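Undergrad: sequence plus predicted model, see below.
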Amino acid sequence: MTRRTFVRHASYLAALTSGNASAAPALNPNSLAKFVDPLPLPEIAKPAGVRPAAANHSVKVPYYRVPMRQLDYKLHRDLPPARLWCYGAASPGPTFETRSGQGLLIEWPNELPAKHFLPIDHSLHGAEIDTPEVRGVVHIHGAKAPPESDGYPEDWYVPGKSRTYFYPNQQESAALWYHDHTMGINRLNIYAGMFGLFLIRDDFEDSLNLPKGAFEIPLVIYDRLLKQDGQLDYPVSGDPGKPWVPEVFGDVMIANGKAFPFLNVQARKYRFRVLNASNGRFLHLSLSNEQKLHQIGTDQGLLPAPVPLDRSLLAPGERADLIVDFTGHAGEQIVLQNDSFQVLQFRVDPAKSPDASSLPSALRPVPKTPESAAVQTRPLGLIEKETMKGESMAMLLNNTPWHMPVTENPVLDSVEIWSFINTTDDSHPIHLHLVRFQILDRRRFEPFFYLNTGEVRYTGPVTPPAPEEAGWKDTVRADPKMVTRIIVRFEGYLGRYVWHCHVLEHEDNEMMRPYDVIAAAK
């Protein structure tokens, strides 16, 4: 346990004893029966007709209407219904299925109540006391979308209002996801349940004969703290005026909206589209029988070749496309686990099952972007501000708060190298809107020397990305006391976007910055 982790736990205990945390008793997750609820499968979003495309009114595209709503939902058979916020009629919200190049329109009406049910910290930028409590704006994480449809954090709107966004989907097949992105309360809205999957398919992926239909399973995994009455519990600090805490880790693992569910499977190959939708927890997924997971894709689509793994590491916001082969395991019960937590039980049918699907030895080529193509390298420090007691006050990118002038302004269609210099004790999953990128490498350095001189002094060798990171990414793990380098082509659109840490508590407390994609000088 690091000093910072100790301080975090001490602060949370102080909150519990001071009465600033919820008065309702906390749920002991060991009191819940395991594997008694079937794994829900999110419904597939259905269009409500067609409308003219935003970019070309002569072209008609599918139109969807998916409202933000409050609902009561049982997270476990033995718990009362929990109050959740969601898109559509469940959390996770409906899964969008579309194809590369097929644009669509989504209207996102805000039908939430006027009061928030989770603790707002009015000292955070964007969540001031004179700002409406309940606000929403939707971001499709990983989408190459025009800026007016990207879900900029300050473009929020209140209950009774609505926005319609256009998504061109001019990108390769990938598992994207959508979630709230409201400035100052993003962590609360997502914790309440506002997220879902967005799948883009293409002809190349279809040609690979991967498991599909009933044998392709969306798997959205996240952790929560619950009260004994089944309600969500969100921790607060010991300071009533500043309830923000730097991280939230739950002790109940939830998959597709159920705690500790089970899934009946046949003795054959399955494809799992896995998303880590946790606020702050990193997932380390493995199977209880120690069989291999085969990762075939990452955030922005297919890898060059399958990667066999003993466990899959996913930071918040990251996705993994996994093949699990239950052939030879007929009649067994296999548990998907995250470290010491049980997530999901697979119940393999005892009968043999035909399987015409494939696990190809080669997938989609991923041409490397050469470093020589980069026109600029940006050193970007990841900084934590602490009190004299070692308590976290804020997280900063490039040592710059959100409201300061833009410091990153790449030229449209240019290539840049961004170097994330992590001086903190945390691993930060850094997400760039609009673009996909490749990881170049990581290298250990001396943070104290950097903080005092502004110079990077390396203390270890260059480490290449792991094979399962060797595809196109939109979220990268910037590990502590390491310099993590990515190479990015800023293609798509001119305009303002953001980059941020996807630990949601960090993002809501200054670990997010705007950036501008600008036109080349004439």
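TA: All right, it came through fine.

Undergrad: my guess is residue 339 contacts residue 284. True?
TA: Yes. Counting by CB atoms under 8 Å, residue 339 sits close enough to residue 284 to count as a contact (5.3 Å). For glycine as for every other residue, the C-beta is placed from the backbone atoms N, C-alpha and C.

Undergrad: who has more neighbours out of the two?
TA: Legend: neighbour count by other CB atoms under 10 Å for residue 339 and residue 284, higher for residue 284 (15 against 11).

Undergrad: what pLDDT does the more buried one get?
TA: Listed pLDDT for residue 284 reads 98.

Undergrad: now that we're looking at the closest residue to residue 268 other than its chain neighbours, what pLDDT does it have?
TA: Spatial nearest neighbour of residue 268, excluding adjacent residues (CB to CB, 6 or more residues apart in numbering): residue 355 at 3.7 Å. Predicted confidence (pLDDT) at residue 355: the value is 97.

Undergrad: do the same with residue 377
TA: pLDDT, residue 377: 98.

Undergrad: how about residue 24?
TA: In this model, residue 24 is scored at 77, pLDDT.

Undergrad: and residue 389, by the same measure?
TA: 71.

Undergrad: I'd like the distance between it and residue 485.
TA: Note on residue 389: its distance to residue 485, by CB to CB, to the nearest Å, is 34 Å.

Undergrad: ok, residue 522 next?
TA: As judged by CB to CB, residue 522 and residue 485 stand 31 Å apart.

Undergrad: between these two, which one's more packed in?
TA: In this view residue 522 and residue 485 are compared by other CB under 10 Å, and residue 485 has more residues nearby, 23 against 3.

Undergrad: skip the chain neighbours and tell me the closest residue to the more buried one.
TA: residue 440 (4.1 Å).

Undergrad: OK, contacts around the one you found?
TA: 371, 417, 465, 485-487 (CB atoms under 8 Å, 6 or more residues apart in numbering).

Undergrad: just the element for it, please.
TA: Taking DSSP states H and E as the criterion, residue 440 maps to strand 437-445.

Undergrad: show me what secondary structure element comes after that strand.
TA: Next element after strand 437-445 (DSSP H and E): helix 447-453.

Undergrad: so which bits of that next one are buried?
TA: Judged by neighbour count using 16 or more other CB atoms under 10 Å, the buried positions of helix 447-453 are 447, 450.

Undergrad: what helices and strands are in contact with the following helix or strand past it?
TA: Downstream of helix 447-453, the next assigned helix or strand under DSSP H and E is strand 458-463. Here strand 458-463 touches strand 437-445, going by 3 or more CB pairs under 8 Å, 6 or more residues apart in numbering; DSSP states H and E.

Undergrad: may I see the buried residues of the strand it packs on?
TA: For strand 437-445, using 16+ other CB under 10 Å, the buried residues are 437-440, 442-445.

Undergrad: and if you look at stretch 514-522?
TA: Neighbour-count burial for stretch 514-522 [16+ other CB under 10 Å]: 514-515, 517-518.

Undergrad: try stretch 401-417
TA: 402, 408, 410-411, 414-417.

Undergrad: can you tell me which of those are in strands?
TA: Applying DSSP state E to the buried residues of stretch 401-417, the entries found in strands are 415-417.

Undergrad: with distance to residue 102 and pLDDT added, can I get these in JSON lines?
TA: Shown next, in JSON lines, are these (distance: CB to CB, whole Å; pLDDT from 0 to 100):
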{"residue": "415", "distance to residue 102": "28", "pLDDT": "98"}
{"residue": "416", "distance to residue 102": "30", "pLDDT": "99"}
{"residue": "417", "distance to residue 102": "33", "pLDDT": "99"}
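
Undergrad: closest one to residue 86 out of those, please.
TA: residue 416 (37.2 Å; CB to CB).

Undergrad: pairing-wise in the sheet, spell out the partners of the closest one.
TA: When assigned by DSSP bridges, residue 416 has beta-bridge partners residue 376, residue 488.

Undergrad: any idea how far it is from residue 152?
TA: 21 Å.

Undergrad: pLDDT score assigned to residue 42?
TA: 98.

Undergrad: pretty sure it sits in a strand.
TA: No. Assessed with DSSP: H, G, I helix; E, B strand; the rest coil, residue 42 is coil; it does not lie in a strand.

Undergrad: let me see the contact set for it.
TA: 90, 92-95, 196-197, 218, 220, 256.

Undergrad: at 6 Å what do you get?
TA: Listed by CB atoms under 6 Å, 6 or more residues apart in numbering, the contact partners of residue 42 are 92, 94-95, 218.

Undergrad: in the stretch 301-450 of the chain, which spans are strands?
TA: For the stretch 301-450 of the chain, the strands defined by DSSP state E, counting those that start in this stretch cover 301-309, 312-314, 319-325, 333-338, 341-352, 376-386, 392-397, 415-422, 428-432, 437-445.

Undergrad: of those strands, which is nearest residue 226?
TA: Closest among these, using CB to CB: strand 341-352, at 13.9 Å.

Undergrad: can I get stretch 513-522 as CSV, trimmed to CA atoms?
TA: Presented in CSV, the C-alpha positions along stretch 513-522 are these (Å, rounded to 0.1, in the frame of the first residue of the first chain):
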residue,chain,number,x,y,z
ARG,A,513,-8.0,19.7,-21.1
PRO,A,514,-9.5,21.0,-24.3
TYR,A,515,-7.5,20.8,-27.5
ASP,A,516,-8.1,22.4,-30.9
VAL,A,517,-7.6,20.7,-34.3
ILE,A,518,-6.7,23.6,-36.5
ALA,A,519,-6.3,24.2,-40.3
ALA,A,520,-2.8,24.3,-41.8
ALA,A,521,-1.4,27.7,-42.3
LYS,A,522,-1.7,29.0,-45.9
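
Undergrad: that older thread, and the strand holding residue 440, how far out from the chain middle?
TA: In terms of CA atoms, centre = their mean, to the nearest Å, the gap separating the centre of strand 437-445 from the centre of its chain is 20 Å.

Undergrad: CA atoms of that strand as PDB?
TA: This file holds the C-alpha atoms of strand 437-445, laid out as PDB (Å, rounded to 0.1, in the frame of the first residue of the first chain):
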ATOM      1  CA  PHE A 437      -3.500   6.200 -32.000                       C
ATOM      2  CA  GLN A 438      -0.700   3.700 -31.500                       C
ATOM      3  CA  ILE A 439       1.400   3.200 -28.400                       C
ATOM      4  CA  LEU A 440       5.100   3.600 -29.100                       C
ATOM      5  CA  ASP A 441       6.700   2.700 -25.700                       C
ATOM      6  CA  ARG A 442       7.000   3.300 -22.000                       C
ATOM      7  CA  ARG A 443      10.100   4.200 -20.000                       C
ATOM      8  CA  ARG A 444      10.800   4.700 -16.300                       C
ATOM      9  CA  PHE A 445      12.100   8.200 -15.300                       C
END
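
Undergrad: ok, residue 70 - contacts?
TA: 85, 112-113.

Undergrad: which of those are buried, as a ChimeraX select command?
TA: Per 16+ other CB under 10 Å, the buried members of those correspond to this ChimeraX selection:
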select :85,112
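
Undergrad: the residue nearest to residue 188 when sequence neighbours are not counted and residue 105, how far apart?
TA: Using CB to CB, 6+ apart and skipping the chain neighbours, the partner closest in space to residue 188 is residue 118 (4.3 Å). Going from residue 118 to residue 105 by CB to CB gives 30 Å.

Undergrad: show me the contacts for residue 96.
TA: 45, 198.

Undergrad: okay, and the beta partners of residue 271?
TA: residue 216, residue 323.

Undergrad: model confidence for it, exactly?
TA: Reported pLDDT for residue 271: 98.

Undergrad: tell me the contacts of it?
TA: Going by CB under 6 Å, 6+ apart, the list of residues near residue 271 reads 210-211, 216, 323.

Undergrad: same check on residue 72?
TA: Residues near residue 72 by CB under 6 Å, 6+ apart: 81, 83.

Undergrad: what's the helix or strand for it?
TA: Using DSSP H and E, residue 72 sits in strand 68-73.
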